[in-house]
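Asker: show me how the following folds:
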Amino acid sequence: SHFEDFSAQLYCAGASEQLCRVNGAPVASGVCHWRLPAGASVTVDDINTAAGKLRMPSDRWDPRIDGIPGEFRKYGPLAASECVRGRRLLIAGDSTTRDTFYELLAVAGHPISLNYPTNPREYWGVHDFEPRKLPTGASDALGVCTGNYDKKLTCLRDVRWGSRNETSVLFHFLTRSNSTWELDLFSQHVGDQPLDAAFVQCPMYEWMKPDAYNYSLSRHERGKVLGPWEVGPLHFEGIGRSCREYIEHVVWRKWPRTKVFLLGMTPLPAWTREHGTLQVESIIFASIHKGLGIQCLPRPGAAVLPSAPAANLSYDLFSARAITPIDRYALVGPRRRDAIHPFFNAQFGVVQLMLNHLCRPAQLAHQGN
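Answerer: Numbering: from 1, shown residues only. Alright, predicted model coming up:
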């Protein structure tokens, strides 16, 4: 479909070139399909100034204004609630994906964030583009939601609603993703009720900061980054391999027909370059693609230059295991509150992509806002 091709171009440009493309032309990540609060298109200059960085949380991601793709739909609370109604969904990943989970619940009308209204009418006005910004932090109304690898602790959430609790949105906080205790704990929690879809992000920070989730250590000790001498040529290949093992163990072993979506990587902070290479993002994307059987191949006729982005380029996306990747790199770019976590207006864009993949827009034309 037009939307699926649009989504594939968005993902592949971010994964392959660490930028975005609009109608094949290169655009900086975090710029394409973004609008200023007054409605004008965002430019690179708009996000490189001090004032622009302060304004970022107020921008709007809306590809409908660009006219591409025609079937992309913006989901309001009614349409989103209808989209997920009766389904059992899994969202798994690190703290960036925990925020995606919180944003999805807010968009669907069932937020669990601390000090946040539970009635959509109180946080999403009729004329508002998106929900009121969610609070940041590692806690929600159900408690602390993080992981502690050393103590074998993780965060599991199962938010249900409906007259028979027939709608279920689960979250699993991942530290290493293929640890035996992590896999078994979730398998016990999820039970035998089938999953309709799984949105999985491959965690990578533990591969660069081995003690990132060991909260028995000080903050300084947890923040220690592996040196280049500690990272062998095959080190990062483990990211994609362990991610595949998680999907096989948690999803496909029980429910081989469950649809799996890959939530792509967000831009990495500067300290990740301490491993001796500026190509760490490309290396991690390659690891994930190898592990999950995904390829982004330039379409015939494109002139791919090593020194500069091609003037016009589009991709064919291949997935050997029918895993559908969803972009978070091209959409987010520098739109992060602390160099790691995307602003919630960027998470809103990610959730819109998720819902457009999960439900066909034409089926819900009468819903939403």
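
Asker: what's near enough to touch the residue nearest to Lys133 when sequence neighbours are not counted?
Answerer: Distances taken as C-beta to C-beta, 6 or more residues apart in numbering put Phe344 closest to Lys133, at 5.0 Å, once the chain neighbours are dropped. (C-beta placed from N, C-alpha, C; glycine too.) Counting by C-beta atoms under 8 Å, 6 or more residues apart in numbering, Phe344 touches Pro57, Asp99, Glu103, Lys133, Leu134.

Asker: ok, 7 Å please
Answerer: Going by C-beta atoms under 7 Å, 6 or more residues apart in numbering, Phe344 touches Asp99, Glu103, Lys133, Leu134.

Asker: farthest pair within the residues you listed?
Answerer: Farthest apart among the contacts of Phe344 by C-beta to C-beta are Asp99 and Lys133. That separation is 11.1 Å.

Asker: which one of these two is surrounded by more residues?
Answerer: Neighbour count, other C-beta atoms under 10 Å: between Asp99 and Lys133, Asp99 has more, with 23 against 17.

Asker: which parts of the stretch 101-250 of the chain are helices?
Answerer: Assigned by DSSP state H, counting those that start in this stretch, the stretch 101-250 of the chain shows helices spanning 120-123, 180-190, 219-222, 237-247.

Asker: winner for burial among the ones you listed?
Answerer: Stretch with highest mean neighbour count among the helices of the stretch 101-250 of the chain: helix 237-247 (a mean of 21; mean count of other C-beta atoms under 10 Å).

Asker: so which elements touch it?
Answerer: For helix 237-247, the elements it packs on are strand 197-200, helix 280-292, judged by 3 or more C-beta pairs under 7 Å, 6 or more residues apart in numbering; DSSP states H and E.

Asker: quick one, that helix and helix 180-190 angle?
Answerer: Orientation check (axes from the mean of the first three to the mean of the last three C-alpha atoms, to 10 degrees): helix 237-247 against helix 180-190 gives 30 degrees.

Asker: ok, and what's touching helix 237-247?
Answerer: Helix 237-247 has contacts (C-beta under 7 Å, 6+ apart) with 176-178, 183, 200, 202, 204, 207, 260, 284, 287-292.

Asker: from those residues, which has minimum pLDDT?
Answerer: Minimum pLDDT for these is recorded at Ser177 (59).

Asker: low-confidence bits of the stretch 101-250 of the chain, can you list those?
Answerer: Residues of the stretch 101-250 of the chain that meet the criterion pLDDT under 70 lie in 149-150, 176-178, 210-217, 219, 221-234.

Asker: again, only this time at 50
Answerer: Residue ranges of the stretch 101-250 of the chain with pLDDT under 50: 229.

Asker: ok, so of the contacts of Phe344, who is nearest Val84?
Answerer: Proximity of the contacts of Phe344 to Val84 (C-beta to C-beta) peaks at Glu103, which lies at 13.1 Å.

Asker: what about the nearest residue to the closest one once chain neighbours are set aside, distance to Thr100?
Answerer: Sequence neighbours aside, Gln347 is the residue nearest to Glu103 in space, at 4.1 Å (criterion: C-beta to C-beta, 6+ apart). For Gln347, the distance to Thr100 equals 5 Å [C-beta to C-beta, to the nearest Å].

Asker: again, but for Leu297
Answerer: To Thr100, Leu297 is 28 Å away according to C-beta to C-beta.

Asker: ok, now Val107?
Answerer: 10 Å.
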